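*Asks:* Structural data only, the sequence is not supplied:
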């Protein structure tokens with residue numbers, strides 16, 4: 001019994017869109033992080049509070065205060081949540097912010113974490129698909145000679 005085209009190509013129909021989605025997200029997030037890093041200024045901030053976030057379990061995100069080059073005091077909640085907390089109250093941290101939008105601040109130490117994770121997932125899916133043979137030809141390759 002011969003397999004249908006879908007049965008022969010099911011792995012490709014699943015894996016290729018996954019690779020495209022993860023590669024696209026990786027490229028976008030890498031570009032966003034790179035652009036932000038190049039357009040931003042750095043400042044030293046201080047963790048002034050640990051904010052508990054209660055979803056499934058309690059995690060903590062830092063509330064960070066810093067002063068811009070113009071002297072404006074800004075407070076923002078860091079994006080990275082963890083338990084135990086990554087930072088301690090009173091800890092000094094490097095901050096990046098856009099001069100025209102200082103409320104867009106981010107901690108400088110973790111900014112490449114998500115792009116790295118996404119690239120790792122993309123590479124793992126691609127390597128796994130190659131090792132499992134998802135990209136091998138399902139039909140013989142024929143060469144036709146025309147005179």
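*Replies:* That came through, no problem. All of these numbers come straight from a predicted model, not from anything done at the bench. Numbers count the residues shown, from 1 in each chain.
*Asks:* Buried residues of the strand of greatest length in the chain, list them for me.
*Replies:* Scanning the chain for the strand with the most residues, using DSSP state E, yields strand 41-54. Neighbour-count burial for strand 41-54 flags 43, 45, 46, 47, 50 (criterion: 16 or more other C-beta atoms under 10 Å). Using the backbone N, CA and C atoms, a C-beta is placed for each residue, glycine as well.
*Asks:* May I have the residues that are in contact with the fourth one?
*Replies:* With C-beta atoms under 8 Å, 6 or more residues apart in numbering as the criterion, the residues that contact residue 47 are 62, 63, 64, 87, 88, 89, 90, 91, 93.
*Asks:* Between these, identify the one with the most neighbours.
*Replies:* Within the contacts of residue 47, most neighbours by other C-beta atoms under 10 Å means residue 62, with 26 neighbours.
*Asks:* So that residue, which state does it fall into?
*Replies:* Following DSSP: H, G, I helix; E, B strand; the rest coil, we place residue 62 in the strand state.
*Asks:* rewinding a little: closest to residue 103 out of the contacts of residue 47?
*Replies:* Among the contacts of residue 47, residue 64 lies closest to residue 103 (C-beta to C-beta), at 11.9 Å.
*Asks:* Quick check: bridge partners of the closest one?
*Replies:* Applying DSSP bridges to residue 64 gives these bridge partners: residue 47, residue 76.
*Asks:* do residue 60 as well
*Replies:* Following DSSP bridges, residue 60 is listed with bridge partners residue 52, residue 82.
*Asks:* give me the number of residues near it?
*Replies:* Based on other C-beta under 10 Å, the number of other residues close to residue 60 is 19.
*Asks:* what helices or strands is the helix-or-strand element of the chain with minimal mean pLDDT leaning on?
*Replies:* One helix or strand of the chain scores below all others by mean pLDDT, DSSP states H and E: helix 5-39, with a mean of 84. With contacts taken as 3 or more C-beta pairs under 8 Å, 6 or more residues apart in numbering; DSSP states H and E, helix 5-39 sits against strand 92-98, helix 113-131.
*Asks:* Relative to residue 19, which of those is closest?
*Replies:* So among the helices and strands packed on helix 5-39, helix 113-131 is nearest, using C-beta to C-beta, at 5.5 Å.
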